[in-house]
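> Sequence first, then the predicted structure:
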There are 2 protein chains.
Amino acid sequence: MSRALDFILAARRSEIQGLQQLDATCELVAKVSQLVHTLQRERGYSNIHLGSPDDQCQDALDALTAQSKLAESVLLDGFEQPDLNRACAAEKVRLFNHIAAVLHGLEGLVRLRAAVRRRTLSAEESTAAFSRPIAALLAVVFEAADTASDPKVTRCLVALFNMMQGKELAGQERATGVAGFINGWFSPVLIQRLHFLGESQQRCFETFVDFSTPEALLAWKALAAEPWQTEIEQLRLVAMRSSEQQPIPASLHLPWFELTTTRIDAFKAIEDQLTLELRNQCHCSIAEASAELDNHRALLKRLGSMDSTAASPGTRLYNVQATELESVPGDAMGHQLNRSVLDLVHEQNQRLLALHDELAVVRTSLDERKWVERAKGLLMEQHKVNEPEAYRLLQQAAMSQGVRLLEVARTLINQEKGRPGR
Amino acid sequence: MSRALDFILAARRSEIQGLQQLDATCELVAKVSQLVHTLQRERGYSNIHLGSPDDQCQDALDALTAQSKLAESVLLDGFEQPDLNRACAAEKVRLFNHIAAVLHGLEGLVRLRAAVRRRTLSAEESTAAFSRPIAALLAVVFEAADTASDPKVTRCLVALFNMMQGKELAGQERATGVAGFINGWFSPVLIQRLHFLGESQQRCFETFVDFSTPEALLAWKALAAEPWQTEIEQLRLVAMRSSEQQPIPASLHLPWFELTTTRIDAFKAIEDQLTLELRNQCHCSIAEASAELDNHRALLKRLGSMDSTAASPGTRLYNVQATELESVPGDAMGHQLNRSVLDLVHEQNQRLLALHDELAVVRTSLDERKWVERAKGLLMEQHKVNEPEAYRLLQQAAMSQGVRLLEVARTLINQEKGRPGR
């Protein structure tokens, strides 16, 4: 049997191995989704505690903290120890770095929780502090989407990431709202923040719709008819119209928290459906690749046993490039084998090319996000503005130049890189 | 010590591991370069044998075959057995597939060599048959360049690939010339082929110049003054002006073979220099990354021993996002460690981002090549034309539309993918 065949089979086996690693990553992503969800609840409820005159909410808060800690320990058990022998070199570098940021963020929660209970920080500070480990957790999901090698799984991960990111913005909106309502009015900064969080959610959910599975999309569309949609919208309007001169009842924080929690839980249900489909997709892809590997093996075994049998007379030779050499008379078995090896190599190459193209298309939305995030960071640093203002600057530039947001962001970053002294 | 630190160090170790794998790939590339060179010689000389009335060249041909076989066995020893445990999953899939094509091509040489000695095929058929395994070998180098994760190494690999590809086209030109001179005149197809090979070499060497190291570039520029440049140019003109009605002396094949061999050997010397610099670059990058890892370790050890010492009073806290939480009074050591972990994660992220950007720029030239090659293949299939004609079609479309070749190629491929029934 030819050595070339060993490598054809090895290529297939490597592919299966890659899919198995992807499956493990998707399992990790499901755990990340769970921890993000409990942290979001804890963040929202921490603001209720911070705004309370007494400690009557503390038991409920402690219960939420316990849930977070449970989800955290489940996730930490899932992080394989960084093991040199199993680690897959270069492609894990960014993932490991993101995990380091997550672990660091989680370690900081101990002090944060104590500070919340002692009420030694403001609701805004608490919201920002809880949001950091959540952002690090989302970065792990983004990284998973960005490095997945199966287009169908990547699509699913892109949909999931955008649902998670949209849900996180909804969670920040919940926490911001709780702080504002308890305060009795929303400052211009809080109102700007609510606007920004609303628009940003919109964009995330649009991308989710573009990449979602049919089932998750159906569940998403069903949400439009939910009564809490209009009730939340009404509370948003109340919040936005409030001011120091026109205060609103502080008690509104309770329906706000409940309604937005219902909304966020509905998003979580869609997330759960997506993580389930994600794993299914991984298993389907693995099964398909394994079946192909078995096919290859069977074909090659059949070819191996042809030493003693005559080739069928109708055998057509496969030509990579048109040349008569391939049809120089020789042993029929040799030719049959020849044909099959080239067929397989050619077929695999075409398939890998098609996969590569598909992946490139799906990753476009991730690339766009990367450029926009970087440009926002740059503007925040250069102009000493907050995130909503930085985003507004980008939007304005895109509108006035009549180009896409992505183009403005890319140009900005590239100009910055081209500047002397950098 | 924090678990986050484990992952920061693991990220660095993974990076080093990736560079070591890259170094092994570069060692493989050096062996590929050697085998390609001997096969090119054998291909050129095979045409001399095929054009000879007797077997007086056969000893020289046998010597060249022996050299090829030696280079082949050196390379085959270098191909690690496709080993499931060491194989690094998805990223090896394409490489393994290309190696399968190489092995298959090399296995076909046995019959080819016998056919050359029996003179049962034409010079053109022999040239085409030798060119196939060489193309497969070059695909391995292309793949190496396309998957290298270090921008400096990638630059070097892009320069090397283009030098190798240009040299291969020079080798095909040598073989085509030998066939034409021995025949006594060049058919229109052969003349078209010479034109195409000349232009294609030009493009490869331009890209080589763009990405070359300073040393290799210097060596390249020195070639301009070589006397064989003008002598080869004269013989090219003689070839192109010949026709069935205006034959030329068949003996010209000897100076043509010698001069073009001198030229190709000069290219090989530059290739050797590049492969040497390539390995050096790998070793430098590994040494740099290892020194960084040691730095990290030393820093973290120092931090670990700070439990018993007071932090310096001037310690500034590192803020990821502006919030006062980080400065909540606490143990000084905790803060110092905090700062360093975030510093390291942030620093690594910035560095990985910069590497990613650099890589994207260097890979542009590879992408361009991929699209143009695919478009050429598509046109050859659709219009039943040969490679030079397909390339001409692309060039004409680019000129008439006033866009770059890459754009024409990309549009063509995307249109084809969008067609029904595919």
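All right, it came through fine. Numbering: from 1, shown residues only, chains lettered A, B, ... in the order given.

> Using the record's domain definitions, break chain A down for me.
A:16-286, A:340-422 (automatic domain parsing).

> and those, which one's lowest on average pLDDT?
Lowest mean pLDDT of the domains of chain A: domain A:340-422, a mean of 86.

> for the helix or strand that contains A:Lys221, packing partners?
Per DSSP states H and E: A:Lys221 is located in helix A:214-222. Contacts defined by 3 or more Cβ pairs under 8 Å, 6 or more residues apart in numbering or on different chains; DSSP states H and E place helix A:214-222 against helix A:188-211, helix A:253-304. From N, CA and C alone the C-beta is placed, and that goes for glycine too.

> now that helix and helix A:188-211, what's the angle there?
Angle between the axes of helix A:214-222 and helix A:188-211 is 140 degrees (criterion: axes from the mean of the first three to the mean of the last three Cα atoms, to 10 degrees).

> So what touches the helix or strand following helix A:214-222?
Counting by DSSP H and E, the next helix or strand C-terminal to helix A:214-222 is helix A:227-241. Taking contacts as Cβ atoms under 8 Å, 6 or more residues apart in numbering or on different chains, the residues outside helix A:227-241 that touch it are A:177, A:180-181, A:186, A:191, A:194-195, A:198, A:223, A:248, A:252, A:255-256, A:259-260, A:262-263.

> Would you mind checking the residues you listed for buried ones?
Buried residues within these, defined by neighbour count using 16 or more other Cβ atoms under 10 Å in any protein chain shown: A:177, A:180-181, A:186, A:191, A:194, A:248, A:252, A:256, A:259-260, A:263.

> which one of these sits closest to A:Ser14?
Using Cβ to Cβ, A:Arg263 comes nearest to A:Ser14 of the buried ones among the contacts of helix A:227-241, at 43.5 Å.

> ok, that closest one touching A:Ala170?
Yes: counting by Cβ atoms under 8 Å, A:Arg263 touches A:Ala170, with 6.4 Å between them.

> Please name the nearest non-neighbouring residue to A:Val362.
Distances taken as Cβ to Cβ, 6 or more residues apart in numbering or on different chains put A:Thr154 closest to A:Val362, at 4.8 Å, once the chain neighbours are dropped.

> check contacts around the one you found.
By Cβ under 8 Å, 6+ apart, the residues touching A:Thr154 are A:145, A:148, A:359, A:362-363.

> and it, what helix or strand is that in?
Assigned by DSSP H and E, A:Thr154 falls in helix A:151-183.

> and the angle for that helix with helix A:227-241?
Relative orientation of helix A:151-183 and helix A:227-241, computed by the same axes, to 10 degrees: 50 degrees.

> Who are the contact partners of the most centrally placed residue in chain A?
In chain A, the C-alpha nearest the mean C-alpha coordinate belongs to A:Phe161, at 2.8 Å (Cα atoms, centre = their mean). By Cβ under 8 Å, 6+ apart, the contact set of A:Phe161 is A:138, A:141-142, A:145.

> and the residue of the stretch 151-300 of chain A nearest chain B?
A:Ala289 (10.2 Å; Cβ to the nearest Cβ).

> Isn't that residue up against A:Ser14?
No: in this structure A:Ala289 lies outside contact range of A:Ser14 using Cβ under 8 Å: 10.0 Å.

> of those two, who's got more company?
Comparing A:Ala289 with A:Ser14 by other Cβ atoms under 10 Å in any protein chain shown, the one with more neighbours is A:Ser14, at 24 against 19.
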